[in-house]
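Asker: my questions concern the predicted model and sequence given below.
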Amino acid sequence: MINFELDQEQKMLTDAIGRLAQERMRKVFRDADEEGIIPADVVKAGWEIGVLPTSIPEAYGGFGDYSVMTGVLAAEAFAWGDLAATLHVMTPNLVAVPLMLAGTEAQKEAHLPLFCEPGLPNVTAALTEPVIQFDPRKLKTTAVLENDTYVLNGSKSFVPLAENAETFLIYANEDGRTQAFFVPRGVDGLTVGAREKLMGVRALPTFQVKLENVKISAVNKLGGSEGIDFGRILNHSRVALGALAVGMARGAFEYSRDYAKERVQFGEPIAHRQSIAFMLAEMAMDIDAARLLVWEAAWQLDQGKEATQSAAVMKYYVDDMVLSVCDRALQVLGGYGYIREYPVELWLRNARAFASFDGMAIV
Ligand SMILES: Cc1cc2nc3c(=O)[nH]c(=O)nc-3n(C[C@H](O)[C@H](O)[C@H](O)COP(=O)(O)OP(=O)(O)OC[C@H]3O[C@@H](n4cnc5c(N)ncnc54)[C@H](O)[C@@H]3O)c2cc1C
């Protein structure tokens with residue numbers, strides 16, 4: 001009934017991403033963090049692997065089918081290379097996946113072919129809000145229907161790549177339910193604010209976005225007049241984030257494990273000391289446990305099951321796991337872990353973001 005074997009295509013995909021992660025992403029990620037930008041050729045190479053187009057059915061210009069399981073395998077392999085670069089390359093997924101899950105036929109026909117073109121599409125999504133206790137199911141941004149027009153008002157934060165986005169998928173509260181709306185750039189009342197100065201994932205440009213009486217036709221509501229089942233979209237998003245956390249944690253673990261084997265103190269590699277060996281063993285166990293939770297939720301979603309509980313359990317566990325694995329990785333390096341020359345402080349800063357992505361696990 002349960003099979004953990006990757007199929008041929010999944011093996012080829014993860015091998016290709018693994019090579020890109022090792023040979024390109026790992027070469028630039030430290031400088032990218034300092035400079036606040038991923039080199040364009042690395043983003044291009046990541047996009048050209050074609051993970052998203054292989055998820056889009058042929059009828060809309062793609063060459064595959066949407067599989068959550070394949071998506072999480074790809075996400076883990078990418079994030080091992082670098083989280084910020086991965087989030088940059090995956091930003092179009094924030095629009096394409098909800099579209100595939102909930103779009104009307106006309107919306108799919110209109111928008112999905114864009115994601116199968118050679119260049120990274122200039123789209124983004126805006127869910128998070130600059131409020132205390134952000135709850136994606138109780139958004140402060142509002143959508144009010146007036147005749148055939150929606151009027152949107154509110155503020156969004158952590159909107160990736162908003163500076164160059166031509167289309168925004170804006171999540172807003174309509175009569176107590178979270179709905180999503182396609183908003184073109186240049187519409188009156190939509191303002192992209194200053195770039196946010198982040199603690200981690202500093203190479204990913206994110207922005208605040210303001211909506212003041214933004215008026216859009218009702219046909220721009222995702223899913224048409226019936227709208228979307230937001231919980232389903234959130235579950236898909238959380239599972240993808242879980243896979244990213246596992247990938248980055250694995251990177252931090254492997255780095256600190258290899259360091260511990262090389263670092264000699266008091267005449268022996270520190271990996272031979274029980275306090276270090278046990279810590280590394282626990283890190284490995286925590287990562288494996290987290291991966292199984294991600295895979296379980298992904299499998300449920302691929303079966304068309306709701307997966308709300310498994311996605312919430314997974315998120316709760318994974319948010320803690322990634323932070324504590326990266327913290328222990330830093331501890332294995334001792335004082336060197338605290339120095340920016342080594343990557344573990346970067347992974348620890350990145351890890352803190354997972355508890356905030358998509359709202360806390362408790363909501
Ligand atoms: C913010 C900061 C400020 C600092 N300020 C000063 C300062 O003012 N003056 C100064 O002299 N130093 C300072 N240090 C350095 C600090 O004292 C060392 O980092 C610390 O002693 C650990 O040494 P190390 O970095 O070489 O790590 P390592 O000795 O390589 O240790 C790496 C890991 O292995 C573990 N380990 C090492 N040996 C053993 C063993 N025998 N058994 C079990 N576990 C072991 C350590 O606990 C650690 O987790 C500072 C460090 C930091 C982060």
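Answerer: Received, thanks.
Asker: and Ala277, how close does it get to Ala284?
Answerer: Using C-beta to C-beta, to the nearest Å, Ala277 is found at 11 Å from Ala284. Any C-beta I mention is one placed from the backbone N, CA and C, and that applies to glycine too.
Asker: ignore what I typed, I meant Thr149.
Answerer: From Thr149 to Ala284 the distance is 55 Å (C-beta to C-beta).
Asker: okay, those two: which has more neighbours?
Answerer: Ala284 (16 against 12; other C-beta atoms under 10 Å).
Asker: ok, the residue nearest to the spatial centre of the chain to Val294 distance?
Answerer: Central residue of the chain (C-alpha atoms, centre = their mean): Leu241, 4.6 Å from the mean position. As defined by C-beta to C-beta, Leu241 lies at a distance of 9 Å from Val294.
Asker: overlap in contacts of those two?
Answerer: Val318 (C-beta atoms under 8 Å, 6 or more residues apart in numbering).
Asker: leaving out sequence neighbours, find the closest residue to the one residue in the stretch 101-250 of the chain that gets nearest to the ligand.
Answerer: Nearest residue of the stretch 101-250 of the chain to the ligand: Met199, at 17.4 Å (C-beta to the nearest ligand atom). Closest residue in space to Met199, ignoring its immediate chain neighbours: Arg349 at 5.3 Å, by C-beta to C-beta, 6 or more residues apart in numbering.
Asker: that neighbour reaches Gly200, doesn't it?
Answerer: Yes. When contacts are counted by C-beta atoms under 8 Å, Arg349 is listed as touching Gly200 (3.6 Å).
Asker: settle it for me: which of the two has more neighbours?
Answerer: Set Arg349 next to Gly200 and count neighbours by other C-beta under 10 Å: Gly200 wins out with 20 against 17.
Asker: part of a strand, is the more buried one?
Answerer: No. In this structure, Gly200 is coil, not part of a strand, as judged by DSSP: H, G, I helix; E, B strand; the rest coil.
Asker: for it, what are its contacts?
Answerer: Leu83, Leu346, Arg349, Asn350, Ala351, Arg352, Ala353.
Asker: and for His272?
Answerer: Neighbours of His272 in contact, by C-beta under 8 Å, 6+ apart: none.
Asker: how near is it to the ligand?
Answerer: 9 Å (C-beta to the nearest ligand atom, to the nearest Å).
Asker: gap between that residue and Thr128?
Answerer: Counting by C-beta to C-beta, the gap from His272 to Thr128 is 45 Å.
Asker: next one: Ala353
Answerer: 11 Å.
Asker: between the two, tell me which one has more neighbours.
Answerer: Higher neighbour count among Ala353 and Thr128: Ala353, with 24 against 20, using other C-beta under 10 Å.
Asker: look up phi and psi at Ala260.
Answerer: phi -60, psi -30 (degrees, to the nearest 10).
Asker: what's the answer for Arg19, then?
Answerer: phi -70, psi -40.
Asker: Ala126 reaches Thr167, doesn't it?
Answerer: No. Ala126 is beyond contact range of Thr167, at 11.1 Å (criterion: C-beta under 8 Å).
Asker: neighbour-wise, which of these two wins?
Answerer: Ranked by neighbour count (other C-beta under 10 Å), Ala126 and Thr167 place Ala126 first, with 29 against 18.
Asker: contact partners for that one?
Answerer: So Ala126 contacts Lys156, Val159, Ala162, Phe168, Leu169, Ile170, Tyr171, Val209 (C-beta under 8 Å, 6+ apart).
Asker: Lys210 is in contact with the second one, correct?
Answerer: When you say that, I think you mean Val159. No. Val159 lies out of contact with Lys210 (C-beta under 8 Å); the separation is 10.5 Å.
Asker: looking at the two, which one has more neighbours?
Answerer: Between Val159 and Lys210, Val159 has the larger neighbour count (other C-beta under 10 Å), namely 25 against 15.
Asker: ok, now how distant is the more buried one from Ile49?
Answerer: 24 Å.
Asker: get me the contact residues on the protein for the ligand.
Answerer: 263, 265-266, 270, 273, 275-276, 331-332, 334-336, 338 (C-beta under 6 Å from any ligand atom).
Asker: which pair of the residues you listed spans the longest distance?
Answerer: Phe266 and Tyr338 (20.8 Å; C-beta to C-beta).
Asker: tell me which of those two has more neighbours.
Answerer: Comparing Phe266 with Tyr338 by other C-beta under 10 Å, the one with more neighbours is Tyr338, at 13 against 6.
Asker: which of the three states applies to the residue nearest to that one when sequence neighbours are not counted?
Answerer: The shortest distance from Tyr338 to any non-neighbouring residue, by C-beta to C-beta, 6+ apart, is to Glu345 (6.2 Å). Assigned by three-state DSSP, the conformation of Glu345 is helix.
Asker: show me the contacts for Glu345.
Answerer: Glu345 sits in contact with Leu330, Gly337, Tyr338, Ile339, where contact means C-beta under 8 Å, 6+ apart.
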